[in-house]
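Colleague: My questions concern the predicted model and sequence given below.
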Number of protein chains: 2
Amino acid sequence: MRVSELAQRTGVSIPTLKYYLREGLLHPGESESRTRASYDEGHVARVRLVRALVGAGGLGIEQVKEVVRALEDPPATRHELLGTAHAVLSTGELPVDSRDEPLVAGLGWPAQPASPASRQVAAALGRARAAGWDVGERAFRAWARGALVQARADVSRNLGTLSPSEALEFAILGTALTDPVILALRRLAQEAVSAERLGQLSTG
Amino acid sequence: MRVSELAQRTGVSIPTLKYYLREGLLHPGESESRTRASYDEGHVARVRLVRALVGAGGLGIEQVKEVVRALEDPPATRHELLGTAHAVLSTGELPVDSRDEPLVAGLGWPAQPASPASRQVAAALGRARAAGWDVGERAFRAWARGALVQARADVSRNLGTLSPSEALEFAILGTALTDPVILALRRLAQEAVSAERLGQLSTG
């Protein structure tokens, strides 16, 4: 198909598609002449992925480039896929305070060496403390138990039936697109527990 | 204390403190002359709260203004505090697709009328679906179960011993500052489950 049809199919403007091509987010079409190229279903799928990552996923262009690089050179085992997906989703420096490491290590969970997840947890604990919010061990362990319940639903055996690049796309998108659901559920659950425990107390 | 000492105590520059005063984020000091005012420990605490909300909490100035308004006029019962805290933390429009409402209603959880939490959950489900990620009922219910485990640690009976404005500050800060910990734990838990289930499968 022509670039105009690709634009129509994906709802993405031609200038934006050309920007994706220049940035390497979209692989070149098959060249038909010096000024004309042809695109296929692989291009449609890639444009939709880029839109999802930028839009609902809230990723920056540099992060999307890393996703694309990871898709083109997926890791060797399916388990490593998740570590790669999480490394791609993480941004910026992760300064870790030594006070926060024992809390994370105390969970005894295995993490992917390639993944920044352990450091992310410790760094987030440190940022909260620096802002005046010290997360105690009891709350942290309860959060971890809840996260495990959620993760068992996220990581299904179905991952094993996908191709490596499909599985990576699944892991990256599934996490980035549904983070807002997890945070909103946190608030709703707090209110449900509060209704149960505190509803009858007045502030007077 | 003088504004210079307030700046020193809080690590916030004098121009920024004056900006907070102009915007009403910080209540005026006691006037000593036409150009001189005196500040107390309440100002130190308020500046630290504003810094925490803007910095680690990632709130915009308009949201911080709402927090301040809520602190100065707290709701009537402690349970309503959470709804108010969550209303303050939510931003923007929440368009809800009717397909997502039954999923949320199906949990059967009570929510505060003042709180946008139910709509936030439904809107987040809708945004994920629009981006190509349909959250199934099975996964959603598992996420909800995990969120309840976490919320039981968040909502402690201690809330009952604080003053209404302390409790509101606690609810707002505790949620905003620790959201990044919840999301990072999600990734770490996914990797732990993945290691357990998929570690041995190669992608070949």
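Modeller: Ah, there it is.

Colleague: which helix is the longest one in chain A?
Modeller: Taking DSSP state H as the criterion, chain A has its longest helix at helix A:164-198.

Colleague: what's the offset of the lowest-mean-pLDDT helix or strand in chain A from the middle of its chain?
Modeller: Counting by mean pLDDT, DSSP states H and E, chain A has its least confident helix or strand at helix A:78-89, which shows a mean of 75. Relative to the chain's own centre, helix A:78-89 is displaced by 9 Å; criterion: C-alpha atoms, centre = their mean, to the nearest Å.

Colleague: now for that helix, which elements pack on it?
Modeller: Counting contacts by 3 or more C-beta pairs under 8 Å, 6 or more residues apart in numbering or on different chains; DSSP states H and E, helix A:78-89 packs against helix A:61-72, helix A:117-130, helix A:164-198, helix B:164-198. For every residue, glycine as well, the C-beta is placed using N, CA and C.

Colleague: wait, doesn't residue A:3 sit right on residue A:14?
Modeller: Yes. In terms of C-beta atoms under 8 Å, residue A:3 counts as a neighbour of residue A:14; the distance is 5.8 Å.

Colleague: and the two? which has more neighbours close in?
Modeller: A direct count of neighbours by other C-beta atoms under 10 Å in any protein chain shown for residue A:3 and residue A:14 places residue A:3 higher, at 17 against 13.

Colleague: contacting residues for the more buried one?
Modeller: Applying C-beta atoms under 8 Å, 6 or more residues apart in numbering or on different chains, we find residue A:3 in contact with A:14, A:17-18, A:29, A:37, A:39.

Colleague: Which one of those residues sits in the busiest neighbourhood?
Modeller: residue A:39 (24 neighbours).

Colleague: Between the helices and strands packed on helix A:78-89, which one is closest to residue A:154.
Modeller: helix B:164-198 (5.3 Å; C-beta to C-beta).

Colleague: Leaving out the residues flanking it, which one is nearest to residue A:115?
Modeller: Excluding the flanking residues, the one nearest residue A:115 by C-beta to C-beta, 6 or more residues apart in numbering or on different chains is residue A:83, at 3.5 Å.

Colleague: Ok, residue A:155 next?
Modeller: residue B:193 (4.4 Å).

Colleague: Any figure for the gap between the residue sitting nearest the centre point of chain A and residue A:146?
Modeller: By C-alpha atoms, centre = their mean, chain A has its centre lying nearest to residue A:176, at 3.3 Å. In this view, residue A:176 and residue A:146 are 20 Å apart by C-beta to C-beta, to the nearest Å.

Colleague: picking that back up, which elements pack onto the longest helix of chain A?
Modeller: helix A:41-54, helix A:61-72, helix A:78-89, helix A:137-154, helix B:78-89, helix B:117-130, helix B:137-154, helix B:164-198.

Colleague: and residue A:119, which of those is closest to it?
Modeller: Comparing the helices and strands packed on helix A:164-198 by C-beta to C-beta, helix B:164-198 comes nearest, at 8.7 Å.

Colleague: Could you pull out the buried residues of that closest one?
Modeller: Neighbour counts using 16 or more other C-beta atoms under 10 Å in any protein chain shown place B:164, B:167-195, B:197-198 of helix B:164-198 among the buried residues.

Colleague: tell me the mean pLDDT over it?
Modeller: Across helix B:164-198, pLDDT averages out at 82.

Colleague: How far off centre is that helix?
Modeller: Computed by C-alpha atoms, centre = their mean, the chain-centroid distance of helix B:164-198 equals 12 Å.

Colleague: hmm, back to that, looking at the helices and strands packed on helix A:164-198, spot the one closest to residue A:108.
Modeller: The nearest among those, by C-beta to C-beta, is helix B:164-198 at 9.0 Å.

Colleague: The closest one to helix B:78-89, inter-axis angle?
Modeller: Interaxial angle of helix B:164-198 relative to helix B:78-89 (axes from the mean of the first three to the mean of the last three C-alpha atoms, to 10 degrees): 70 degrees.

Colleague: could you give the angle of helix B:164-198 to helix B:61-72?
Modeller: Using the same axes, to 10 degrees: helix B:164-198 against helix B:61-72 is 120 degrees.

Colleague: Taking helix A:117-130 as reference, get the angle to helix B:164-198.
Modeller: 170 degrees.

Colleague: wait, residue A:183 sits on residue B:181?
Modeller: No. Counting by C-beta under 8 Å, residue B:181 is not a contact partner of residue A:183; they are 11.3 Å apart.

Colleague: buried set for stretch A:16-32?
Modeller: For stretch A:16-32, using 16+ other C-beta under 10 Å, the buried residues are A:17, A:20-21, A:25-26, A:29.

Colleague: Out of those residues, which is nearest to residue A:138?
Modeller: For those, the nearest to residue A:138 is residue A:25 (44.6 Å; C-beta to C-beta).

Colleague: how about that closest one, what does it touch?
Modeller: Contacts of residue A:25 (C-beta under 8 Å, 6+ apart): A:46, A:50, A:61, A:64-65, A:68.

Colleague: That one: what secondary structure?
Modeller: Following DSSP: H, G, I helix; E, B strand; the rest coil, the label given to residue A:25 is coil.

Colleague: Apart from its chain neighbours, what residue comes closest to it?
Modeller: Closest to residue A:25 by C-beta to C-beta, 6+ apart is residue A:50, at 5.2 Å.
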